[in-house]
Structure formats: C-alpha cells, structure tokens
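Peer 1: okay, here's the prediction I keep looking at, along with the sequence it came from:
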Amino acid sequence: MTVRLRPHHLLCLLTYVGKGYSPAFIAGLTAIAKRIDAGEDVLIVHGPDDICTPMLNDPSAHCRNATIDIRDAAAAYDVGKLLDRGIRAGIRLSLTPEIVAVMRKGFAAAQTRSACVRCDWADLCTDIAGTGYQNAVLQAGTGTTD
C-alpha cells in the first residue's frame with residue numbers, strides 16, 4: 001500500500017507526538033506514521049489526504065480551505081529545495097531514515113517552516129524539534145526504534 005500525503009503533512013509527520021484534533025484523527029495519524037516506519041512509500045496528492053480522512057465529515061474542517069493549499073505550496077517548495085527534487089502531486093517518496101533525518105535537520109534549522117506560519121501547532125512543533133524529536137511517533141530519522 002501507499003500513504004497519500006499532501007505536502008505540508010510531510011512536515012507535520014516530523015514532529016507528531018500523538019496530539020491532534022480528535023481521537024479518530026490521532027489514531028489515524030499514529031497508524032500512518034507506523035506504516036511509513038514499516039517502509040510504505042508516500043504518494044504526494046493535491047487536497048485532502050489519508051491524514052485528513054477522519055476530519056472530512058466535518059463541514060467546517062480546514063482540509064479543503066484555500067489557505068491549506070497555500071500551506072501545501074510553501075511546504076512543497078521548501079521540502080523540494082531541501083531534498084533537491086520536485087515535490088508535487090503524483091510523485092512518490094520513500095521516507096527512509098536518511099531522508100527523514102535530512103528533513104528534521106532542515107525543519108529544526110527553520111529551512112522548511114514557511115508552511116507553518118499561522119499554524120495552530122507551530123509552537124508545539126518548534127518545541128518538539130528543540131528536543132531532537134525525542135517523543136515523535138515517526139521513528140525514522142530519530143536513531144531510535146520501538
């Protein structure tokens with residue numbers, strides 16, 4: 001199987017520590033992080049993705065807002081520049097421990113944070129990056145395993 005992700009969720013996964021919008025959202029994102037750790041590839045998509053799924057029944061969910069498309073564009077640009085490859089809908093990525101380590105280093109150095117402007121989770125993510133991603137659910141690139 002393949003995990004479908006919108007570009008800004010590449011960044012969210014780096015600092016995800018089991019907190020989120022609802023119990024269903026948390027369970028889904030935790031399962032996705034573990035699938036990626038198990039070696040599943042990522043398919044970049046435009047619009048709502050596998051992480052958004054638990055939110056899509058809520059008519060006020062931000063997953064379809066134009067502001068999120070702007071966040072996706074910023075993340076695609078920043079991550080693409082960091083990894084020296086195009087990040088756009090339709091491409092596949094393998095989030096190997098090496099790639100995740102590069103992404104985490106860039107995130108901690110604020111090289112990929114333009115998508116995080118005005119995000120409600122930005123302060124938490126900054127704190128998590130500051131601890132070396134110590135409690136992150138996604139283990140790839142942390143040097144630890146379950």
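Peer 2: Ah, there it is.
Peer 1: what about stretch 103-121, how long is it end to end?
Peer 2: End-to-end span of stretch 103-121 (C-alpha to C-alpha, to the nearest Å): 18 Å.
Peer 1: distance from the chain centre to it, please.
Peer 2: 10 Å (C-alpha atoms, centre = their mean, to the nearest Å).
Peer 1: with stretch 32-50 instead?
Peer 2: Between the centre of stretch 32-50 and the centre of its chain there are 9 Å (C-alpha atoms, centre = their mean).
Peer 1: for residue 96, which non-adjacent residue is closest in space?
Peer 2: Closest residue to residue 96 apart from its sequence neighbours, by C-beta to C-beta, 6 or more residues apart in numbering: residue 140 at 6.7 Å. Where C-beta positions appear, they are placed from N, C-alpha and C, glycine not excepted.
Peer 1: next secondary structure element downstream of the lengthiest helix in the chain?
Peer 2: Secondary structure of the chain per DSSP state H: the longest helix is helix 66-83. Using DSSP states H and E, the helix or strand that follows helix 66-83 towards the C-terminus is strand 92-93.
Peer 1: by contact count, what packs against that next one?
Peer 2: strand 41-44 (3 or more C-beta pairs under 8 Å, 6 or more residues apart in numbering; DSSP states H and E).
Peer 1: with just CA atoms, put the strand it packs on into CSV.
Peer 2: Extracted as CSV, the C-alpha positions of strand 41-44 are listed here (Å, rounded to 0.1, in the frame of the first residue of the first chain):
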residue,chain,number,x,y,z
ASP,A,41,6.0,4.8,0.2
VAL,A,42,4.3,8.2,0.1
LEU,A,43,2.3,9.5,-2.8
ILE,A,44,2.1,13.3,-2.8
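Peer 1: can you list contacts of it?
Peer 2: 2-7, 10, 36, 76, 87-95 (C-beta atoms under 8 Å, 6 or more residues apart in numbering).
Peer 1: which of those count as buried?
Peer 2: When these are checked for burial by 16 or more other C-beta atoms under 10 Å, the buried set is 3-7, 10, 36, 76, 87, 93, 95.
Peer 1: that'll do, ta.
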